[in-house]
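Q: here is a sequence with its predicted model. Questions after.
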Amino acid sequence: MHTLVFATNNQHKVDEINSIIGKNIRVITLREAGIDIDIPEPHDSLEANATEKSSVIYQLTHQNVFSEDTGLEVDALQGEPGVKSARYAGEEKNFQANIDKLLSKLGDHPERTARFRTVVSLIWEGKEYQFEGICEGYITSIQKGTGGFGYDPIFIPKGSNNSFAEMSMAEKNQFSHRKKAIVQLIEFLQQQPVL
Ligand code: IMP
């Protein structure tokens, strides 16, 4: 069993990842690793923020660590909220306020295509690797469903009629940006002789 620190305290993300990562790897949260910090996300790209998060935690733990940074990119809003997805409506990272702001900015715009993009930064044996996962879809005009988190109630992935918030975790994983990036992470890890 190999322990990998996941540079997050978002339990939804940890549950999603543990449901797909398999038995050989135990993913632990920052809290379980004994770390209590709000990691900065100061950069203007998902890639740079993911690197920042994994590097900060690696410096603190010197353990293998990965982080991920995700943004929702809405075409009619020139890629907003993008890298600002968590704090779109303010520093308090309120999911409902973020949804309200997005729906209000988009109004009844007919072009509603969007994508979730996840960048994973892995620091493995001291060296960084990045993996990307994308889920194309579109933004609803009203919220649908109560599951999931973040923008899930207003995002319908291509190939479905349901929003992410109307899906079970297994259904969401059939489409999920994070799942696609994590699958690449897992494939990389499986090639490492230590596992
Ligand atoms: P983070 O920086 O990776 O935590 O993601 C930034 C923000 O994107 C989060 O606070 C959520 O609002 C949103 N987000 C990330 N992943 C998802 C998802 O799978 N569904 C809905 N919203 C998400």
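A: Alright, I've got the coordinates. Residues are numbered from 1 along each chain as shown.
Q: which phi and psi does Y88 have?
A: Geometry field for Y88 lists phi and psi as phi -60, psi -50, criterion degrees, to the nearest 10.
Q: that one: how many residues sit nearby?
A: Using other Cβ atoms under 10 Å, Y88 has 22 other residues around it. Just so you know, the C-beta spots here come from the backbone N, C-alpha and C atoms, and that holds for glycine as well.
Q: not counting its neighbours along the chain, what's nearest A50?
A: In this structure, A50 finds its nearest non-sequential neighbour in S121, 3.8 Å apart by Cβ to Cβ, 6 or more residues apart in numbering.
Q: can you report how many residues lie near that neighbour?
A: Using other Cβ under 10 Å as the criterion, S121 is surrounded by 26 other residues.
Q: so it bridges to which residues?
A: Listed by DSSP bridges, the beta-bridge partners for S121 are S67, Q130.
Q: what sits against it?
A: Taking Cβ atoms under 8 Å, 6 or more residues apart in numbering as the contact definition, S121 lies against 47, 50-51, 53-55, 66-69, 128-130.
Q: may I see the PyMOL selection of the buried members of these?
A: For selection in PyMOL, the members of the contacts of S121 meeting the burial criterion (16 or more other Cβ atoms under 10 Å) are listed in this command:
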select buried, resi 50+51+53+54+55+66+67+68+69+130
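Q: out of the contacts of S121, which is nearest to D108?
A: D69 (30.6 Å; Cβ to Cβ).
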